[in-house]
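Trainee: I would like to see how this sequence folds:
(2 chains)
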Amino acid sequence: MTILNLFFVVFLGILFFVSYFHISNLVLDTYGEKSVKRYNFENSIRVIIFIAPAFIVLFIFILYPVFETVRLSFYDKFGREFVGFYNYKWAISDPEFRRSILNNLIWLLVVPTLSTFFGLVIAKLADNIWWGSIAKSIIFMPMAISFVGAGVIWKFIYEYRGPGDTQIGLLNAIIVSFGYEPQAWITIPFWNNFFLMAIMIWIQTGLALVIFSAALRSIPKEMLEAARIDGASELKIFFSIIIPYLEQTILVIWTLITIIVLRIFDIIFAMTNGEWQTGVLANLMYDWMFRGGGDSGRGSVLAIVIMIGVIPILAWNLYKHRQEQKI
Amino acid sequence: MKKISLSSILSQLLLLFFVIIWIIPTFGLFISSLRDKDLLAISGWWTSLTTTEINEIYRMPGMNAQIEEGGYFKIKGNLFEENSGKKIQSFGITSKKINEFNVSEVAVFKDESEVTVDEDGNYEWLSKEAFKKKKGKRLFTTSLSPPSFTFENYREVLFKEGIGRAFINTMAVALPSTLIPLIICSFFAYSLTWMKFYGRDTLLAIIIASLVVPLQMSLIPILTIYNDFGALFGVAAKSYPGVWMAHTGFGLASTTFLLRNFLKSLPNEMMEAAKVDGASHYDIFLRIIIPLSIPAFASIFILQFLWCWNDLLVGLVFLDQVPSEIILTAKLKELLGSRGENWEILTTGAFVSMTVPLFIFFALQRYFIRGLVAGSVKG
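Mentor: You can find the predicted model right below:
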């Protein structure tokens, strides 16, 4: 497709949706009479016009796939023959699957915790300092860039050259300057997981930081002043007042990052492609979508395992939503 | 008083430490993308910030370049490329003693020809007899190179490596993938907030549940639908409209949710007054809701746009990996595999892919943060 064609297609695509709403509503405005009798009829047509596109998209891209994925997980690789729990049994006995689930668990344990922790500490440090907002901007910046871009940035830091050569990777250059042997960081099994997680923490800390910054402002100043007058140290205030006060926010951020980490794919795909025992569920799933012509049964099982991780969060959200509706 | 200032200094130092750790990776990438590609491969980027000493070998031209002047045969020239900014420290005429002579000194070859080199790299090779060899002799130089940066890598990456085209493709994916959900979700959120109809609460609950459904749950069924659809109508299954709709689907729940939260905060009286005046829902939407929602639209636009711009998985699964369709992140991943040692291409390509997000980040940071905070408060 030439660039000009592409431009044209983009324009048409957007125009299509704008004109759908505009024309259908104008038609209804013109022909729908404003008498009380017809008001209800007109109103229900209007509801359909307003809802239809979003609902169709929601149905095709979320609702139907969720049920279809569950169905496919009980079928063979082409989705034709019912095989019962065969795919699940395969998953449990597959060493790659076990490795991936273990790695996912480590990610879930380390990344949300450390990101939340760093975010809170930095938000507190940057609070009430004249250059605090610049500092926050800098730490927040990785949030804007892609996981792949971040992958390139960090791969450059972890770059390895043989001993004796000049190290162009920052980490190895530092190690060598202290007299140690350079290491090929991302190929050392188990520990390489942590070098990949560092990238995610580097990105997600910014998210935690901005939310905590907003939340910190909600703490009553009088409370902090009172503690200071009583002679409490800043460290004591941080642990005994600020952390308990922000408990809800901490939980929200922790959950938010957990959801993001659960489906982590890009960083590992770009950095190691799951080699050297760094694979996680999303990577294994992507692999099975295309490996050997694709196996929709195994792929679906892996998707469902990821889904199971978010179900508690989903239930909690729905519960909270219902509480709010009651008020 | 003293105690407070000490702890304040300590906490500022700690913050500075974090800031430095966080900025260095990106800074290193940026500096590297501006460096000469040969230097990039042999020295760390941090060395390019200061003046460095480099050793080079230069072969002077042979007999064809000689001129006769005042009874001497001369070969003149400059060791450096134009505007390199380098300064000669010392030079030598054999590989064993590369630092034998200083700039003002005269070096004598075995055949009694003489060479002088000045600080700027100009050399003059003198001989009483005509030069007879086609190739000249070698000079070994040690020079100081000041920090020097070039846009050469950008030129190469944008036009030769296909990153330029990938940039346009990414724009063609991200822009509709942001505008389409914004259009259809604003109507959807409006009806969920201000219209009464059967099943509204169920729909809302579905939206809230969909917020956390991982996109992996949708990949396989949708890919199958696309392939069937493509086979049925005889068109390419993977295409731009397909990607737009996929992004619309995956961004629908969060966009609707954020918009609904915003619409709910608008005063009910305003809508009622408009209705009494005989305005239809569409009038209200156009004349009241849209003008009021501009800041909310801006926040959501930025969030969704960055999500689509930075996405890799959707672009990998729903687009063909060919030059006319490949997006930046997929292209970068491809380069990581095929040009893993060419750091000038990788660093520059990564930086090109970051230009748009960084621009948005610095220009519209307030809206970005507002959207993130609004989106996360509920989670």
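Trainee: from here on, contacts and neighbour counts on C-alpha atoms
Mentor: Noted.
Trainee: Who are the contact partners of the residue of chain B positioned farthest from its centre?
Mentor: For chain B, the largest distance from the centre (Cα atoms, centre = their mean) belongs to residue B:71, which lies 59.0 Å off. Taking Cα atoms under 8 Å, 6 or more residues apart in numbering or on different chains, we find residue B:71 in contact with residue B:128.
Trainee: Pop out the phi and psi values for it.
Mentor: Backbone torsions of residue B:71, given as degrees, to the nearest 10, read phi 80, psi 0.
Trainee: now the strands for the stretch 1-150 of chain B?
Mentor: B:52-61, B:67-69, B:72-78, B:87-92, B:101-102, B:106-108, B:114-117, B:122-127, B:135-145 (DSSP state E, counting those that start in this stretch).
Trainee: following the longest one, which helix or strand comes up?
Mentor: Spelled out, that is strand B:135-145. Beyond strand B:135-145 in the direction of the C-terminus, DSSP states H and E gives the next helix or strand as helix B:152-159.
Trainee: by contact count, what packs against that following helix?
Mentor: Contacts defined by 3 or more Cα pairs under 8 Å, 6 or more residues apart in numbering or on different chains; DSSP states H and E place helix B:152-159 against helix B:163-194, helix B:343-363.
Trainee: got a list of what residue B:138 touches?
Mentor: Residue B:138 neighbours (Cα under 8 Å, 6+ apart): B:57-60, B:93-94.
Trainee: now those residues: which count as buried?
Mentor: B:57, B:60, B:93 (16 or more other Cα atoms under 10 Å in any protein chain shown).
Trainee: Just name the closest of the residues you listed to residue B:292, please.
Mentor: For these, the residue nearest residue B:292 by Cα to Cα is residue B:57; the value is 68.4 Å.
Trainee: residue contacts, the closest one?
Mentor: B:138-141.
Trainee: just residue B:161 next, same as before
Mentor: No contacts exist for residue B:161 under Cα under 8 Å, 6+ apart.
Trainee: picking that back up, who wins for neighbours among the contacts of residue B:57?
Mentor: Within those, neighbour counts (other Cα atoms under 10 Å in any protein chain shown) peak at residue B:141, which reaches 24 neighbours.
Trainee: Setting aside sequence neighbours, what's the nearest residue to it?
Mentor: Counting by Cα to Cα, 6 or more residues apart in numbering or on different chains, residue B:91 is the residue found nearest to residue B:141 once chain neighbours are left out, at 4.3 Å.
Trainee: Hmm, the one you found is touching residue B:102, no?
Mentor: Yes - counting by Cα atoms under 8 Å, residue B:91 does reach residue B:102; the two are 6.4 Å apart.
Trainee: From residue B:371, how far out is the spatially most central residue of chain A?
Mentor: What sits nearest the mean C-alpha location of chain A, by Cα atoms, centre = their mean, is residue A:260, with 2.1 Å. Here residue A:260 is placed at a distance of 17 Å from residue B:371 (Cα to Cα, to the nearest Å).
Trainee: circling back: Serialize the strands of the stretch 1-150 of chain B to CSV and add fields for mean pLDDT.
Mentor: Listed next are those as CSV, based on pLDDT from 0 to 100:
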stretch, mean pLDDT
strand B:52-61, 78
strand B:67-69, 80
strand B:72-78, 83
strand B:87-92, 81
strand B:101-102, 80
strand B:106-108, 81
strand B:114-117, 83
strand B:122-127, 82
strand B:135-145, 80
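Trainee: can you tell me which of the ones you listed comes nearest to residue A:127?
Mentor: strand B:52-61 (40.3 Å).
Trainee: and the residue in the stretch 1-150 of chain B that chain A sits nearest to, how many neighbours does it have?
Mentor: As assessed by Cα to the nearest Cα, chain A sits closest to residue B:44 within the stretch 1-150 of chain B, at 4.1 Å. The number of residues packed around residue B:44, counting by other Cα under 10 Å, is 17.
Trainee: same question, residue A:179
Mentor: By other Cα under 10 Å, neighbour count at residue A:179 equals 9.
Trainee: Backbone dihedrals for it, both of them.
Mentor: Backbone torsions of residue A:179, given as degrees, to the nearest 10, read phi 90, psi 10.
Trainee: distance of it from residue B:153?
Mentor: Using Cα to Cα, residue A:179 is found at 34 Å from residue B:153.
Trainee: just residue A:205 next, same as before
Mentor: From residue A:205 to residue B:153 the distance is 31 Å (Cα to Cα).
Trainee: Check residue A:83 too.
Mentor: Residue A:83 is 54 Å from residue B:153, by Cα to Cα.
Trainee: Who are the contact partners of the residue lying closest to residue A:283 once chain neighbours are set aside?
Mentor: Distance criterion Cα to Cα, 6+ apart; nearest residue to residue A:283, sequence neighbours excluded, is residue A:265 at 5.7 Å. Neighbouring residues of residue A:265 by Cα under 8 Å, 6+ apart: A:280, A:282-283, B:313.
Trainee: hmm, back to that, so of the contacts of residue B:138, which two are at opposite extremes in space?
Mentor: Checking the contacts of residue B:138 with Cα to Cα, the most distant pair is B:60 and B:94, at 13.5 Å.
Trainee: Identify the contacts common to the two.
Mentor: B:138-139.
Trainee: What residues does the stretch 201-327 of chain A have near chain B?
Mentor: A:202, A:207, A:210-211, A:249, A:252-253, A:255-256, A:259, A:263, A:265-266, A:270, A:282, A:289, A:296, A:299-300, A:303-304, A:306-307, A:310, A:313-315, A:317-318, A:321 (Cα under 8 Å from any Cα of the partner chain).
Trainee: how is the chain carved up into domains?
Mentor: As the question left the chain open, I've gone with chain A. A:3-56, A:94-326 (automatic domain parsing).
Trainee: my bad, the chain I had in mind was chain B
Mentor: Taken from automatic domain parsing, chain B resolves into B:14-47, B:51-145, B:153-378.
Trainee: quick one: average confidence on the shortest one?
Mentor: I take that to be domain B:14-47. Domain B:14-47 shows a mean pLDDT of 84.
Trainee: Kindly check the end-to-end length of it for me.
Mentor: Using Cα to Cα, the end-to-end distance of domain B:14-47 comes to 26 Å.
Trainee: List the buried residues in that domain.
Mentor: Going by 16+ other Cα under 10 Å, domain B:14-47 has these buried residues: B:14-16, B:18-19, B:22-23, B:25-26, B:28-37, B:40-41, B:44-45.
Trainee: and what of stretch B:190-205?
Mentor: Those would be B:190-193, B:204-205, for stretch B:190-205 by 16+ other Cα under 10 Å.
Trainee: hmm, it touching chain A?
Mentor: Yes - using Cα under 8 Å from any Cα, stretch B:190-205 reaches chain A at B:191, B:195, B:197, B:205.
Trainee: of all those, which comes closest to residue A:145?
Mentor: residue B:205 (31.8 Å).
Trainee: my read: that closest one touches residue A:318, true?
Mentor: Yes - look at residue B:205 against residue A:318 with Cα under 8 Å: they come within range, at 6.7 Å.
Trainee: Kindly calculate the angle that the worst-scoring helix or strand of chain B on mean pLDDT makes with helix B:343-363.
Mentor: Lowest by mean pLDDT, DSSP states H and E among the helices and strands of chain B is helix B:365-378, with a mean of 70. Interaxial angle, helix B:365-378 versus helix B:343-363 (axes from the mean of the first three to the mean of the last three Cα atoms, to 10 degrees): 80 degrees.
Trainee: Now helix B:365-378 - C-alpha only, PDB.
Mentor: Presented in PDB, the C-alpha positions along helix B:365-378 are these (Å, rounded to 0.1, in the frame of the first residue of the first chain):
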ATOM      1  CA  GLN B 365       2.100  15.700  30.500                       C
ATOM      2  CA  ARG B 366      -0.800  17.200  32.500                       C
ATOM      3  CA  TYR B 367      -3.500  15.400  30.500                       C
ATOM      4  CA  PHE B 368      -1.500  12.200  30.400                       C
ATOM      5  CA  ILE B 369      -1.200  12.100  34.200                       C
ATOM      6  CA  ARG B 370      -4.800  13.200  34.700                       C
ATOM      7  CA  GLY B 371      -6.000  10.200  32.500                       C
ATOM      8  CA  LEU B 372      -3.700   7.800  34.300                       C
ATOM      9  CA  VAL B 373      -4.900   8.900  37.700                       C
ATOM     10  CA  ALA B 374      -8.500   8.800  36.700                       C
ATOM     11  CA  GLY B 375      -8.200   5.400  35.100                       C
ATOM     12  CA  SER B 376      -6.400   3.900  38.000                       C
ATOM     13  CA  VAL B 377      -8.400   5.100  41.000                       C
ATOM     14  CA  LYS B 378     -10.900   2.500  40.200                       C
END
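Trainee: Thanks a lot, see you next time.
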